[in-house]
Every structure is written in C-alpha cells, then in structure tokens.
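Chemist: Build me a structure from this.
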Amino acid sequence: MWALDVSQIVGPSYSIERIEPCRGPISGLIPITVYGKGFHEGPRRWRLLFKVGNKWEEADPGSVQRISNTELEVQTPIFRKYGPRTVDVFIKEGDDLVSVTKTQFSFFVDTLCEKSCA
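Modeler: Have a look, this model is predicted:
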C-alpha cells in the first residue's frame, strides 16, 4: 500500500470565507468577525494572518475567540507602519498550514487626536 501526503497541495481542513466589517483604521484593535469552516475546538489557538507583500502581520493571538465552527472574533492588528491598503487575510490553527482560501481587509487612515486641531 502506498500513501501520499497531499496536505501541502489541497490545504488544511479549515477555510476562511469573509470578514465583517471588511475595513477598519490603521490604528487597529477593532473587533471583527471571521466567517469560515472547520474552526473546531482544540488545544491549539486560531491565528489570523494579514499578508503585506511578502511579510505577515498577525492579529494578537490572545484576541482570537472561537464562537462556533464557522465564526471567530478577533481584534485587528495595528497597521500604522504599513499605511492604508487592502491586504489578503488567511487563517491558521497553531503551527499548521495557512489556509488555502483567503479574504481581504482594507485599512484606512484614521485621525490621531494629537495631530488634530480643534
């Protein structure tokens, strides 16, 4: 009998479908809901990864809350060093593979109080 590990090709058993809201400020730390499939309970934490070019920015793992097999609640990362942009977002369980599916999130410039005139 022969066996072939195709997980690197077909991907993990979980997937990401969409994020609501799908945009937020570069100052980050706003709550978002991640919708997908296969968000099972387990000892390892779910991780939300934002891809910026060839770099990865991760939401604070402590902010990720599993709501159900199809929902996670997360706080967005602080994105000031990258500026406003639309990025691809992936999901990952612990140190497993990054999801094959992705969605997008748009960061916009928000006003900093110390830079404003009143």
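Chemist: for the spatially most central residue of the chain, which residues make a bridge with it?
Modeler: What sits nearest the mean C-alpha location of the chain, by CA atoms, centre = their mean, is Leu48, with 2.9 Å. On the basis of DSSP bridges, Leu48 is bridged to Ile91.
Chemist: Distance of it relative to Met1?
Modeler: Plainly put, Leu48 is 38 Å away from Met1 if you go by CB to CB, to the nearest Å. No exception for glycine: its C-beta is placed from N, CA and C like everyone else's.
Chemist: and if you look at Pro77?
Modeler: Distance from Pro77 to Met1, by CB to CB: 45 Å.
Chemist: do the same with Phe90
Modeler: Taken as CB to CB, the span from Phe90 to Met1 is 34 Å.
Chemist: more crowded one of these two?
Modeler: Phe90 (19 against 2; other CB atoms under 10 Å).
Chemist: wait, isn't the more buried one in contact with Trp46?
Modeler: No. Contact criterion CB atoms under 8 Å: Phe90 and Trp46 do not qualify, at 11.3 Å.
Chemist: distance between stretch 70-77 and the chain's centre?
Modeler: Here the centre of stretch 70-77 is set off from its chain's centre by 7 Å, with CA atoms, centre = their mean, to the nearest Å.
Chemist: buried set for that stretch?
Modeler: By neighbour count with 16 or more other CB atoms under 10 Å, stretch 70-77 contains the buried residues 72, 74-77.
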